[in-house]
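Engineer: One predicted model, sequence on top.
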Amino acid sequence: MAEVQRIGNTPPRKKVPNSMETRKLEVFCKVVELKSFTRAAEAVLLSQPTVSEHIRNLEQELNQKLLDRLGQEVVPTSVGNLLYEYACKILQTHREAVEAIEKYSGRLIGKIAIGCGTIPGTYVLPELINQFRQAHPAIKTTLRINSSRIIAEQVLTEKLGLGVVGAKWNDSGLQWEKIFIDELILAAHPDHPWTHKKSINLGDIFSEPFILREQDSGTRRVIAQFLKANGFKETDLQEIAEIGSTAAIKESIKLGLGVSILSRRAIMDNITFGTIATIPVKGFHLQRPFYLVKRKNKALPPVAAAFYDYLLAQADKE
């Protein structure tokens, strides 16, 4: 077990002040999140000695040790964890206050963190964010790609303002709005023999080398459900590879490794330039919705609210 080493000397006891600077709290939170003084300094654009000084000042103000060094990582003490929980809320409230004042002045300014699955995060949201920022250039956006479950959990705990996910389930704390529809299609190399046919039967797919997404992929779950509904099993496919990236599957198809079922949105450019062909399959009409998710019964900060309304408006055009 790694030895726990105290950072610095235990600060002298003194009266706790009535307030703490938000900048110090921001630095403290970044050290906790990145588990490193060096990485935190880079993230907040300060020198490492300045970051260390901010932490020392906080510890002196609170008369508590906030951080320990565990091996090569910096970790919060029990009190540090408690402060981190409240500091996140304080910083969030501070950001919302600034946003509200700017909105009152007729200008949107601030930050928004959005979580997305692979398809919306790679092929849908970037363009929409670009269009939104053209109207509101002072807004900064963080886009995080992860699984639907993790994104929903982070929206619920307010680590993310909004999420765009490819799955929906019952959760009393979340609100879901269907905004986009994703079509899944059979993709193959342009020289594949199937490209000369008007269409193929669903059963023909099982005679061809097939490239699958990873087990937790939303696309894979939808494909498995469709096959089961039509009397087939996923194991009937001649799987030659399991690849955890849509981009890597596209490259594999272009090399002639096999065929796969992918999002039409993901291969639109490939279709346009003729590097990947789509194969019509009789009876194969597979669509899945994407949902915009936020916390239920909680008002969004001005920037997040504006982007939420913008996404809903774009959904009407789909």
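Structural biologist: Perfect, I can see it now. Numbers count the residues shown, from 1 in each chain.
Engineer: contacts and neighbour counts: CA atoms only from here.
Structural biologist: OK.
Engineer: so where is the chain shaky, pLDDT-wise?
Structural biologist: Screening the chain residue by residue with the criterion pLDDT under 70, one finds the ranges 1-20, 99-108, 316-318.
Engineer: what about the longest strand in it?
Structural biologist: strand 174-188 (DSSP state E).
Engineer: residues of that strand that come out buried?
Structural biologist: Applying a neighbour-count criterion of 16 or more other CA atoms under 10 Å, one finds 174-176, 178-180, 182-188 buried in strand 174-188.
Engineer: Then stretch 25-44?
Structural biologist: Along stretch 25-44, these residues count as buried under the neighbour rule (16+ other CA under 10 Å): 25-32, 34-38, 40-41.
Engineer: ok, the nearest residue to residue 261 once chain neighbours are set aside to residue 253 distance?
Structural biologist: Closest residue to residue 261 in three dimensions, ignoring its sequence neighbours and counting by CA to CA, 6 or more residues apart in numbering: residue 186, at 4.4 Å. Using CA to CA, to the nearest Å, one obtains 11 Å as the distance from residue 186 to residue 253.
Engineer: joint contacts of these two?
Structural biologist: 259-260 (CA atoms under 8 Å, 6 or more residues apart in numbering).
Engineer: With only the CA atoms kept, save stretch 126-138 in PDB.
Structural biologist: What follows is stretch 126-138, C-alpha atoms only, in PDB (Å, rounded to 0.1, in the frame of the first residue of the first chain):
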ATOM      1  CA  PRO A 126     -20.000  20.100 -33.400                       C
ATOM      2  CA  GLU A 127     -21.800  21.800 -36.300                       C
ATOM      3  CA  LEU A 128     -24.700  22.900 -34.000                       C
ATOM      4  CA  ILE A 129     -22.300  24.300 -31.400                       C
ATOM      5  CA  ASN A 130     -20.500  26.200 -34.200                       C
ATOM      6  CA  GLN A 131     -23.800  27.800 -35.300                       C
ATOM      7  CA  PHE A 132     -24.800  28.600 -31.800                       C
ATOM      8  CA  ARG A 133     -21.500  30.300 -31.100                       C
ATOM      9  CA  GLN A 134     -21.700  32.400 -34.200                       C
ATOM     10  CA  ALA A 135     -24.800  34.000 -32.500                       C
ATOM     11  CA  HIS A 136     -23.200  34.000 -29.100                       C
ATOM     12  CA  PRO A 137     -19.400  34.200 -29.500                       C
ATOM     13  CA  ALA A 138     -18.700  34.800 -25.800                       C
END
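Engineer: What lies in contact with it?
Structural biologist: Among residues not part of stretch 126-138, those counted as contacts by CA under 8 Å, 6+ apart are 108-110, 139, 141, 307, 310-311.
Engineer: Would you mind pulling the contact partners of the helix or strand where residue 151 lies?
Structural biologist: In this structure, residue 151 sits in helix 148-156 according to DSSP states H and E. Residues from elsewhere that reach helix 148-156, judged by CA under 8 Å, 6+ apart: 115-117, 160-163, 165-167, 173-174, 293-295.
Engineer: Next secondary structure after it?
Structural biologist: strand 162-165.
Engineer: packing partners for that next one?
Structural biologist: When contacts are defined as 3 or more CA pairs under 8 Å, 6 or more residues apart in numbering; DSSP states H and E, strand 162-165 packs onto strand 110-116, helix 148-156, strand 286-295.
Engineer: Point out the most buried one among the ones you listed.
Structural biologist: For the helices and strands packed on strand 162-165, ranked by mean neighbour count under the definition mean count of other CA atoms under 10 Å, the leader is strand 110-116 at a mean of 22.
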